[in-house]
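*Asks:* Need a 3D model of the sequence below.
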Amino acid sequence: MPGYNALPLELLAEEFAKLPGIGIKSAQRLAYSIISRPQEEVEAFANALLAAKRDIHYCPCCQNLTDLELCPICADNERDKTTVCVVEGPKDVSALERTGEYNGVYHVLHGLISPIDGITPDKLRIRELLARLNRGDIREVIMATNPTVEGDATAMYLAQLLEPLGVKVTRLAFGLPVGGTLEYADEVTLFKALENRTAM
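*Replies:* Coordinates of the predicted model:
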């Protein structure tokens, strides 16, 4: 049965539907929205997509996303470089930074250990974390992975891996809901979780 929409519109909707959290109806709404915009707005949108893909890379120190040589947090000499907060992804850095209470630096794993999904430790940015720790200036590593099965498994794996290095390893205290994600937690909850972190 032939489609009712123009082929380019259907292809655009299919591309939007590949994004996380976008169902086919939302994808179609986005596609119609793009078509209804002036040409210069659509070009600006397309250019922003291309520029983001071209210019953004991993910070060589913390593995967060940046368009600079070092991300602004790693480049900030006022930050406490002896404390590293380990998070799953860049969105978690943003969530913790919104609290305004953490002055250390971060390490972004870009995922969590999940054998069922084929995500093994070698697919995460663990080697880079170990390289940072081997420099000898880090005194505490805060495990700030989400309170999920995968988050807990990743935190425990890293804690065991770091134990021989003699660095203090702590875990966020959970005023955070089990099964929740850092990205959606409010600032007060995140501040309390940071404040009440415990040794592992």
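*Asks:* is it true that residue 121 touches residue 115?
*Replies:* No. Applying CB atoms under 8 Å, one finds residue 121 not in contact with residue 115, separated by 9.9 Å. Every residue, glycine included, has its C-beta placed from N, CA and C.
*Asks:* Can you name the next helix or strand after the top helix by length along the chain?
*Replies:* Scanning the chain for the longest helix, with DSSP state H as the assignment, gives helix 39-55. For helix 39-55, the following helix or strand on the C-terminal side (DSSP states H and E) is strand 57-58.
*Asks:* What helices and strands are in contact with that next one?
*Replies:* strand 65-66 (3 or more CB pairs under 8 Å, 6 or more residues apart in numbering; DSSP states H and E).
*Asks:* For the longest helix of the chain, buried residues please.
*Replies:* By 16 or more other CB atoms under 10 Å, helix 39-55 has no buried positions at all.
*Asks:* that's a helix at residue 81, yeah?
*Replies:* No. Looking at residue 81 with DSSP: H, G, I helix; E, B strand; the rest coil, it is strand, so not inside a helix.
*Asks:* Counting neighbours, what do you get for the nearest residue to it once chain neighbours are set aside?
*Replies:* Excluding the flanking residues, the one nearest residue 81 by CB to CB, 6 or more residues apart in numbering is residue 105, at 5.7 Å. Neighbourhood size, residue 105 [other CB atoms under 10 Å]: 22.
*Asks:* helix or strand right after the host helix or strand of residue 105?
*Replies:* Counting by DSSP H and E, the element that carries residue 105 is strand 104-108. Going down the chain from strand 104-108, the next helix or strand is helix 126-134, by DSSP H and E.
*Asks:* Output the contacting helices and strands for that following helix.
*Replies:* strand 80-87, strand 104-108, helix 149-162.
*Asks:* what's the average pLDDT for the longest helix of the chain?
*Replies:* Helix 39-55 carries an average pLDDT of 96.
*Asks:* Counting by contacts, list what it packs against.
*Replies:* By 3+ CB pairs under 8 Å, 6+ apart, helix 39-55 packs against no helix or strand.
*Asks:* Report the distance from that helix to the chain centre.
*Replies:* Taking the mean of its C-alpha atoms, helix 39-55 sits 22 Å from the chain's own mean (CA atoms, centre = their mean, to the nearest Å).
*Asks:* any residues touching it, and which ones?
*Replies:* With contact meaning CB atoms under 8 Å, 6 or more residues apart in numbering, helix 39-55 is reached by 34, 37, 67.
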